[in-house]
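Enquirer: With the input below, show me the fold.
(2 chains, ligands or ions: 3)
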Amino acid sequence: MANVTLTIDGIQITAPKGATVLEAAEQAGIFIPTFCHDPELSKPGACRICVVEVPGAPRLLASCVTEATEGMVVFSASPAVIESRKTNLELLLANHPTDCMTCNKSGDCRLQDYAYFYGVKQDAFEGEKHNYPIEGDNPFIERDMNKCILCGKCIRMCQEVQGNNVIDFAYRGFNAIVTPAIGVPYSDTEVSNCVFCGNCVSACPTGALSEKAMIGKGRRWDIKKVTTTCPYCGVGCQFDLNVKDGKVIGVTSMNGDVNGRALCVKGRFGYGFIHHPDRLTTPLIKKDGKLVEATWDEAISLVAEKLGATKKTYGPDAIGMLSSARVTNEENYLMQKLARAVIGTNNIDHCARL
Amino acid sequence: MTNSIEEIASADFILAAGTNTFDAHPIIGIKIKKAVANGAILAVADPRLTDSAKLAKYHLQLKSGTDIALFNGLANVIIAEGIYNKEFVEERTEDFEAFKETVAKYTPDYVSKITGVPADTIREVARGYATSKNSSILYTMGITQHTCGTHNVFSTTNLSMLCGHIGKESSGVNPLRGQNNVQGACDMGALPNVFSGYQGVTVEANCEKFAKAWHVDTVPNKPGLTVGEMVEQCGKKIKAMYILGENPVLSDPDANQVMHELKSLDFLVVQDIFLTETAQLADVVLPAGSFAEKDGTFSNTERRVQLVRKAIEPIGNSKPDWEIICLVSTAMGYPMSYASPENIMTEIALLTPAYGGISFARLDVCSLQWPCPTADHKGTRFLHAKTFSRGKGKFNAVEHIPPNEMPDAEYPMVLSTGRRRYHYHTGSMTQRTGALDVFYPTEYLEINCADAEKLGICDGDKVRVTSRRGNVEVAAQISERVTPGLVFTSFQYPAVPINKVTNAARDPISKIPEYKVCAVKVEKVG
Ligand code: SF4
Ligand code: SF4
Ligand code: SF4
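Expert: Ligands and ions are numbered 1, 2, ... in the order given. Purely as a prediction, here's the structure:
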């Protein structure tokens, strides 16, 4: 593939032809902020926080949609650029709630990060503020449109990745809002067509869209993320379990080999069973028709004794073993080893047929 | 799957049979939508008007249990019009003539009478499938959960071989696995006739190899019983059972019978994370760990082996399944001591050629699709590229056979069962999430408005569904998703144990029960 060479902030960069200025900068480790840009989605070039200065151009250019050309000279942080970004942020903050103290996204919010980085305070413009009600009538997603910066990433995620076309922009100017058709909530699934995959949430750069059950469960910087594989269907999506104080408090997207950031409702919101009070926490042994608590020693000895006795009296083929399509490969392997090497039977199967 | 999930998005023609993909495998549903957005043609064969059927250019709304007729019909058109892949059939397959003879009578008009699909639609889909560059067949339980399930699968493979749509990118036959690690359970030899890696137990050399590796004198060399046979033999040949992470009382057909059989055992041990309906019958219940509490691997439907990582400590006094199995084995006089699942994988890799190159260290960097025989092998995206595993691909000519139980005067309707988007398997996990169960708390029975009117049923009315085996009560939902004469529900709600009603008749080869068709009567309660 042909390459082009350009200079950003005095650094020479060779990038593949067709790459944008933003991509070339990222390749060289030069920071340019973005709101509406997402490498997986189409590029509206709308938010203009990513502007850069190219001498000779009539105005600042949005780096996410400007193609890098041979010999191009770019300034990513010139005074004009910084000034423009600051104004951009001031306008966004003018009608943004002063809520960082309690906002669940605090610590993982681009608006907050950039405001901090550029030293922009909230009171530059005394703007009219929105007062939308918070939408939380479903157990999965909470929508606080007061915190929406209209980047449109949720819209494109739903359209381009999920393919459900639930949401779009409505109205103009100050009244512009992201909403399902005719203003229904997500939960009116007949009209909205929403399937609560939460993929829009994974794209949102602010606290406008949140995993409802995670709210109040932990600050982002206190959460440990552990990448693992979904326990539900055979697609094998990967995601991060969010752990705080030894408890799983949520699931967030990472870049899985099969699924990218996309998940379905079960994978993203179906983790609650892990800490459910019904979880078995101790071995049980049936006595007088009732299951009563027992120690591991008692339970394991009884199992070994009974299986051993059955084998002795009736032969190994009098024992049947059912392994599981839910447990790991290693566990399935051990289960068939137990059947074949220890008990001495091939009566081993699992419920794949079901 | 012979292909990878990603490849679905670049198929030109997708024939999805008996798979409500958008609900059961949402992320694969995304790939299908992507393919359609890129201009692919989607044909969905399903008795129900599912969301994927709504998106499809062709919805082949066949009568339940007539898949073979449909697939034979497609093959008939393709052969009659001479648009099959002659080179592929010649070089890579055998028994074409017998197949050709069998499908000769499955003309579009004949098939239309059996399936209810218009003859012209059959012709158009046949042409589309045959002449597209990359055609892919996807199927799930809608194909396998019939007494003729194995034959259904043959009929899909026949079609793909006929057109040479197999063994290349985005072309193949792709069964979508329902549970997360069905593939892995099979790969690991949790089957009555094979060791890990599908190494047959009747092959002398395999037995010797495993006996030696496991330091035992012999291992049994005659195939054991399948799950269905074991349950049937409870109290007879089978005296004790060890059931891990399964809930056959809810998931098996004819649940009353299953419960009765399990009760007749001398000894039952169940290892699970919840006190499931099956665990309640046990003599000993062993508390296991969920996926969040252990390390290990799962193998997905495209043979991709991926890490499961421990995120939290065991809940209460529970232990991960692998530790429990080791304890039982050790107590039975065969010490098993693995420091971690990683060591178990080392042993698996040693004994299982397809997993030979797989290790936790490699998986920590990226997932691998088997076959991955050596430590420097990159894994395999699609199977059968040059040859089939058995050399030449064999056409298995199969005939349409009606389902085991057809509607009659007393039980005039067909009941089909399946899955819901918000729930999973028997619901023991999803019913306890505090989210999925809140949004979708109850089950209902889908019934067509024509039937509902005839039976005097309104939306939300409680109805009783009765078969020769039992009955359940459930709320009715009048729905255009089902055709007149068909009702549908899921097996995912303990409160609606629909498998008290379903038919335990099984496919004679795969032993999969016929969940997709049984004869019932529906009546309003009260
Ligand atoms: S949850 Fe999924 S379907 Fe619903 S709006 Fe978000 S992306 Fe679209
Ligand atoms: S809800 Fe979030 S992702 Fe959607 S437009 Fe607003 S800020 Fe962007
Ligand atoms: S997130 Fe959904 S689609 Fe992905 S593996 Fe889990 S259940 Fe399957």
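Enquirer: what's the burial count for residue A:48?
Expert: Residue A:48: 17 surrounding residues under other CB atoms under 10 Å in any protein chain shown. No exception for glycine: its C-beta is placed from N, CA and C like everyone else's.
Enquirer: Give me the phi and psi angles of it.
Expert: Dihedral angles of residue A:48 (phi, psi; degrees, to the nearest 10) stand at phi 60, psi 20.
Enquirer: do the one 5 residues further on as well
Expert: For residue A:53, the backbone dihedrals (degrees, to the nearest 10) come out as phi -100, psi 130.
Enquirer: Bridged to residue B:462, which residues?
Expert: Residue B:462 has these beta-bridge partners by DSSP bridges: residue B:475.
Enquirer: Also residue A:238?
Expert: The partner list for residue A:238 in beta bridges (DSSP bridges) reads residue A:229.
Enquirer: Identify the residues contacting it.
Expert: A:227-230, A:254, A:256-259, B:306 (CB atoms under 8 Å, 6 or more residues apart in numbering or on different chains).
Enquirer: Over to residue B:155?
Expert: With CB under 8 Å, 6+ apart, residue B:155 has these contacts: B:67-68, B:71-72, B:75, B:398.
Enquirer: same thing with residue A:117?
Expert: Contacts of residue A:117 (CB under 8 Å, 6+ apart): residue A:33.
Enquirer: Now for the closest residue to chain B within the stretch 51-200 of chain A, how many residues are close by?
Expert: Chain B sits closest to residue A:163 of the stretch 51-200 of chain A, with a gap of 3.4 Å, by CB to the nearest CB. Residue A:163 has 18 neighbouring residues, counting by other CB under 10 Å.
Enquirer: What of residue B:456?
Expert: 9.
Enquirer: Am I right that it is in contact with residue B:525?
Expert: No: in this structure, residue B:456 is not within contact of residue B:525 by CB atoms under 8 Å, at 11.7 Å.
Enquirer: Listing request: residues of chain A with sub-threshold pLDDT.
Expert: Residue ranges of chain A with pLDDT under 70: A:1, A:124-127, A:352-354.
Enquirer: what does it put close to ligand 1?
Expert: Residues of chain A lying close to ligand 1 by CB under 6 Å from any ligand atom are A:157-158, A:162, A:164, A:166-167, A:186, A:194-200.
Enquirer: Please report which of those residues has the highest neighbour count.
Expert: Counting by other CB under 10 Å, top hit in the residues of chain A next to ligand 1: residue A:197 with 29 neighbours.
Enquirer: Secondary structure class of it, three-state.
Expert: With DSSP: H, G, I helix; E, B strand; the rest coil as the basis, residue A:197 sits in coil.
Enquirer: that older thread, number of nearby residues for the residue lying closest to the residue of the stretch 51-200 of chain A closest to chain B once chain neighbours are set aside?
Expert: Ranked by CB to CB, 6 or more residues apart in numbering or on different chains and with sequence neighbours excluded, the top spatial neighbour of residue A:163 is residue B:33, at 3.4 Å. Residue neighbour count, defined by other CB under 10 Å, stands at 23 for residue B:33.
Enquirer: Near the residue in the stretch 1-150 of chain A that ligand 2 sits nearest to, how many residues? Count them for me, please.
Expert: Per CB to the nearest ligand atom, residue A:148 is where the stretch 1-150 of chain A lies closest to ligand 2, at 3.3 Å. Residue A:148 is flanked by 22 other residues according to other CB under 10 Å.
Enquirer: do residue A:70 as well
Expert: 10.
Enquirer: OK, contacts around residue 324?
Expert: As the question left the chain open, I've gone with chain A. A:331-332, A:335, A:350-351, B:181, B:185, B:190, B:244-246.
Enquirer: Switch to chain B, please.
Expert: With CB under 8 Å, 6+ apart, residue B:324 has these contacts: A:300, B:271, B:286, B:288.
Enquirer: Quick check, pLDDT for it.
Expert: Predicted confidence (pLDDT) at residue B:324: the value is 96.
Enquirer: give me phi/psi at it?
Expert: phi -70, psi -40.
Enquirer: Now do it against ligand 2, distance only.
Expert: 45 Å (CB to the nearest ligand atom, to the nearest Å).
Enquirer: Now do residue B:52, the pLDDT please.
Expert: At residue B:52, pLDDT is 82.
Enquirer: Kindly indicate whether it is helix, strand or coil.
Expert: Residue B:52 is classified as helix under three-state DSSP.
Enquirer: measure it to residue B:44 for me?
Expert: Computed as CB to CB, to the nearest Å, the residue B:52 to residue B:44 distance reads 5 Å.
Enquirer: What is the burial count for residue A:12?
Expert: Neighbours of residue A:12 under the rule other CB under 10 Å: 9.
Enquirer: I'd like the distance between it and residue B:27.
Expert: Taking CB to CB, one finds residue A:12 at 42 Å from residue B:27.
Enquirer: Of the contacts of residue B:324, which belong to strands?
Expert: The strands, defined by DSSP state E, take in B:271, B:286 from the contacts of residue B:324.
Enquirer: Backbone dihedrals for the residue nearest the centre of chain A, both of them.
Expert: Nearest residue to the geometric centre of chain A (CA atoms, centre = their mean): residue A:253, 2.8 Å. With angles defined as degrees, to the nearest 10, residue A:253 sits at phi -70, psi 150.
Enquirer: Next up, the contacts around it.
Expert: Residue A:253 makes contacts with A:199, A:202, A:239-240, A:260-263, A:268, as judged by CB under 8 Å, 6+ apart.
Enquirer: Tell me what it is bridged to.
Expert: Assessed by DSSP bridges, residue A:253 has beta-bridge partners residue A:239.
Enquirer: burial count for the residue in chain A that ligand 3 sits nearest to?
Expert: Nearest to ligand 3, among the residues of chain A, is residue A:267, at 2.2 Å (CB to the nearest ligand atom). Neighbourhood size, residue A:267 [other CB under 10 Å]: 28.
Enquirer: Then residue A:228?
Expert: Using other CB under 10 Å: residue A:228 sits among 24 other residues.
Enquirer: Show the contacting residues for it.
Expert: Residue A:228 neighbours (CB under 8 Å, 6+ apart): A:238-241, B:291-292, B:307-309, B:311.
Enquirer: and residue A:299, what is it in contact with?
Expert: Contacts of residue A:299 (CB under 8 Å, 6+ apart): A:283-285, B:284, B:286.
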